[in-house]
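Asks: need the 3D shape of this:
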Amino acid sequence: MQRRLSGVSAIVFDVDGTLIDSNRAHAESWAQALSDRGWPHEVVQIRPLIGMGSDTLLPATARVEVDSSLGKAIPARRRRWSI
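Replies: Numbering: from 1, shown residues only. The predicted structure is shown next:
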């Protein structure tokens, strides 16, 4: 079944970082989540790692495996801080 969007002349999709540079916000949320769990990091340390998945970022910053309980808790905490 096809739906028509009457009155719509354009649709804009934002591929992360295309229209809004959100890297700093992502870095801030990771830095805060890591700090909250005992691994203080500055935003400038995290920013170059943005784009990595948590499976790579967590071992690189806190030596935590993503499948561990802490590896699940940090990203959950990050989601509270993210945009």
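Asks: pLDDT weak spots in the protein?
Replies: Where the chain drops to pLDDT under 70, the residues are 1-2, 14-18, 81-83.
Asks: middle-most residue in it, spatially?
Replies: His26 (4.6 Å; Cα atoms, centre = their mean).
Asks: that one contacts Ile50, doesn't it?
Replies: Yes. Look at His26 against Ile50 with Cβ atoms under 8 Å: they come within range, at 5.0 Å. Placement of C-beta: from N, CA and C, glycine included.
Asks: hmm, back to that, can you confirm the residue nearest to the centre of the chain is in a helix?
Replies: Yes. Under DSSP: H, G, I helix; E, B strand; the rest coil, His26 falls within a helix.
Asks: quick check: the gap between it and Pro40.
Replies: In this structure, His26 and Pro40 are separated by 18 Å, where distance is defined by Cβ to Cβ, to the nearest Å.
Asks: run through the residues that contact Asp55.
Replies: Under the criterion of Cβ atoms under 8 Å, 6 or more residues apart in numbering, the neighbours of Asp55 are Val66.
Asks: distance of it relative to Ser9?
Replies: 41 Å.
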